[in-house]
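Participant: What follows is a predicted structure for the sequence shown.
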Amino acid sequence: MTATLDDLPIRDDLRGQRPYGAPQAPLPIALNVNENTHVISEDVADDIAGSIAKTISELNRYPDREFTDLREAFASYLGHGLTPEQIWAGNGSNEVLQQVLQAFAGPGRRVFGFSPTYSMYPLLTRGVGAEWVAGSRGPRYEITPEDAAEQVRAADADVVILCAPNNPTGTPLPIEVVESVYEAARGIVVVDEAYFEFAPSEAPSALTLLPGRERLIVSRTMSKAFAFAGARVGYLAADAAVTDALRLVRLPYHLSALTQAAAVAALRHSDEMLRTVDDIVVQRDRISATLEALGYDPYPSWSNFVMFGGVEDPQETWRRLYDRGVLIRDVGVAGHLRVSAGTESETTAFLDALAAVGDA
Ligand code: PMP
């Protein structure tokens, strides 16, 4: 007889929780987890492979605990006058966010975000024993500086997480909202810019707000625009004191020598790695226009995905697409589905399949 979770002496606050569960099905068209579906070019792949190969003779030793080269590379990629002391990195921005919550949230503390938002925020919050407090959004999932400040003041949270642009809705977050939330919050304010590279080039990053704001953290990832999800590399920029706090909770040597070598090599080719962003933006906008023509209600998106309403039975539409080899995401928002922008042919396959299955 096998045991179930209920048979284990698991923490009371984890009982009844569900793990992150985006299906990983081997379908030909997988547009469900906002990956960059373009593969890395051969030249860059060769250089990355060469850099990884060089570390193999040193794998008997622990890696550089301070990932010095990688922090330098991120500081110069981000610009904005950032120094390596202001950079931190982890195995995906999920880990970086987890470390932030370990340091600044924890038992007896509260974490606040505007719902619906990235599904991992509540999970990471509960994982560190803190309480997740969900705020609300206005029409079309937008947030105004005034409403945001009022909700943040009322929540009195230890950490506020803003997702810019927001997952799963794609909604842009005006920089004025970040400014007013920072003023209203007593604790840490994290701006998760996982999809920032897909925003219009004139859109200001929260990185511009860092000087003089020691409670502000801007997180990014190589998983999306950089097409590097499998390498698991996320990072943040903040006051150098924040990285000192993260040193208290990270595991020693958390970034393997292989990961550091791969990421530093990839960043040497950042222009080439980001080459596919423009094409993805074209496909994203094509998805929105076509969905509208099909009678759906796509939301404005500054990311590499589109959420759309007007779906009678999301589970059934999702299933019919699945049966045609197209995997998208039921994000749990009633009447809505979300799709990532793929290559031109993947995007065509999705749009054709949706037109064929119709609305369920
Ligand atoms: N933030 C947001 C808003 C995301 O959508 C994701 C991935 N889906 C992440 C963070 C985490 O990405 P990773 O751990 O791959 O960096």
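Facilitator: Received, thanks. In this text the structure is predicted, and so the values were computed from the model without any measurement. Residues are numbered from 1 along each chain as shown.
Participant: Run through the residues of the stretch 1-150 of the chain sitting next to the ligand.
Facilitator: Applying CB under 6 Å from any ligand atom, we find that the stretch 1-150 of the chain lies next to the ligand at 34, 92-94, 118. (C-beta placed from N, C-alpha, C; glycine too.)
Participant: go with 5 Å
Facilitator: By CB under 5 Å from any ligand atom, the part of the stretch 1-150 of the chain that sits against the ligand consists of 92-94, 118.
Participant: Take those residues and keep only those in helices.
Facilitator: 93-94 (DSSP state H).
Participant: With respect to the ligand, which of the residues of the stretch 1-150 of the chain next to the ligand is nearest?
Facilitator: Each of those was scored against the ligand by CB to the nearest ligand atom, and Gly92 proved nearest at 2.7 Å.
Participant: Contact partners for the closest one?
Facilitator: With contacts defined as CB atoms under 8 Å, 6 or more residues apart in numbering, the neighbours of Gly92 are 221, 223, 232-234.
Participant: Please apply the same query to Ala157.
Facilitator: With contact set as CB under 8 Å, 6+ apart, Ala157 has these partners: 109-112, 133, 185, 187.
Participant: In the chain, which residue is most central in space?
Facilitator: Centroid-nearest residue in the chain: Ala194, 4.1 Å away (criterion: CA atoms, centre = their mean).
Participant: What separation do you get for the residue nearest to it when sequence neighbours are not counted and Glu214?
Facilitator: In this structure, Ala194 finds its nearest non-sequential neighbour in Thr221, 4.8 Å apart by CB to CB, 6 or more residues apart in numbering. As defined by CB to CB, to the nearest Å, Thr221 lies at a distance of 23 Å from Glu214.
Participant: Strands of the chain, residue ranges please.
Facilitator: Assigned by DSSP state E, the strands in the chain fall at 29-30, 87-90, 110-114, 131-135, 159-163, 188-192, 216-221, 234-238, 297-298, 305-309, 326-327, 337-340.
Participant: As CSV, those with mean pLDDT and mean neighbour count would be great.
Facilitator: Converted to CSV, those look like this (pLDDT from 0 to 100; neighbours: other CB atoms under 10 Å):
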stretch, mean pLDDT, mean neighbour count
strand 29-30, 96, 20
strand 87-90, 98, 26
strand 110-114, 98, 25
strand 131-135, 98, 17
strand 159-163, 98, 26
strand 188-192, 98, 27
strand 216-221, 98, 26
strand 234-238, 98, 25
strand 297-298, 98, 18
strand 305-309, 98, 24
strand 326-327, 96, 24
strand 337-340, 98, 26
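Participant: want to throw those into a markdown table with distance to Glu142?
Facilitator: Supplementary listing: those in a markdown table, determined by distance: least, CB to CB, whole Å:
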| stretch | distance to Glu142 |
| --- | --- |
| strand 29-30 | 30 |
| strand 87-90 | 30 |
| strand 110-114 | 10 |
| strand 131-135 | 13 |
| strand 159-163 | 13 |
| strand 188-192 | 16 |
| strand 216-221 | 21 |
| strand 234-238 | 25 |
| strand 297-298 | 15 |
| strand 305-309 | 13 |
| strand 326-327 | 29 |
| strand 337-340 | 17 |
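Participant: ok, so what distance separates the residue nearest to the centre of the chain from Val242?
Facilitator: Applying CB to CB to Ala194 and Val242 gives a distance of 18 Å.
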